[in-house]
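J.: Provide a 3D model corresponding to the input given below.
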Amino acid sequence: MRIALYQPDIPQNTGTILRLAACMGVAADIIEPAGFQLGDARFRRALMDYGAVLEMARHASWQAFLEAQGNARLVLLTTAATASVWETAFTPGDILLLGRESAGVPEAVHDRADLRVTIPMAAGARSLNVAVAAAMALGEALRQTGAIGQSCPDKQ
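T.: The predicted structure follows:
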């Protein structure tokens, strides 16, 4: 299983999501351009020292990412979906794709996703923080596939 971030624009959220991936033992993809330098101090602070154990790939563009992903199922987390993350059957090879914090993903990315899922929220709520949404969806996907329960690489 993988987490992919489409053109992330908040370094703290990106660092937090990559730390989540490292702690849960899943690989991560960053689809550029990002809205910040990956060496940004805020990014490094959120990632801490988990970058050393993280399996991460950077892709220069959406097209480069698509070429690298192979036949993996692309599951887009979006507030525009009708399928609930709680009612979705995840598979070990899924890629959980999250959009930009400021703008989500463009229609072409929506159209390319094999599945679009949402996290149901209270009436009137617009969206969750992208790192919170990533944790919730990844936790459910790992629970379903039996891969949850691994400890962080370094207990801090």
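
J.: C-terminal to the worst-scoring helix or strand of the chain on mean pLDDT, what's the next element?
T.: Within the chain, no helix or strand scores below helix 41-47, which has a mean of 72 by mean pLDDT, DSSP states H and E. Downstream of helix 41-47, the first helix or strand assigned by DSSP states H and E is strand 56-59.

J.: pLDDT below threshold where in the protein?
T.: Counting by pLDDT under 70, the ranges of the chain that qualify are 40, 46, 149-156.

J.: in it, which helix has the most residues?
T.: helix 130-145 (DSSP state H).

J.: contacts for it, please.
T.: For helix 130-145, the external contacting residues (C-beta atoms under 8 Å, 6 or more residues apart in numbering) are 1, 3, 8, 10, 13, 16-17, 20-21, 24, 26, 75, 77, 85-86, 88-92, 94, 96, 98-99, 101, 117, 119, 127-128, 148. All C-beta spots, glycine's among them, are computed from the backbone N, C-alpha and C.

J.: picking that back up, what helices or strands is the least confident helix or strand of the chain leaning on?
T.: The helices and strands touching helix 41-47, judged by 3 or more C-beta pairs under 8 Å, 6 or more residues apart in numbering; DSSP states H and E, are helix 11-24.

J.: residues touching the helix it packs on, excluding its own?
T.: 3, 5, 8, 27-28, 30, 34, 36, 40, 42-48, 50-51, 53-56, 98, 101, 129-131, 134-135, 138, 142, 148, 150, 152-153.

J.: buried ones in the helix or strand hosting residue 116?
T.: Assigned by DSSP H and E, residue 116 falls within strand 115-118. Residues of strand 115-118 classed as buried by neighbour count (16 or more other C-beta atoms under 10 Å): 116-118.

J.: listing partners with orientation, what would you give for that strand?
T.: Paired strands of strand 115-118, with direction, are strand 74-77 (parallel), strand 83-84 (parallel) (DSSP bridges).

J.: can I get the ones you listed in CSV with distance to residue 108?
T.: Shown next, in CSV, are the strands paired with strand 115-118 (distance: least, C-beta to C-beta, whole Å):
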stretch, distance to residue 108
strand 74-77, 12
strand 83-84, 20
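
J.: that's all I had, so thanks and see you.
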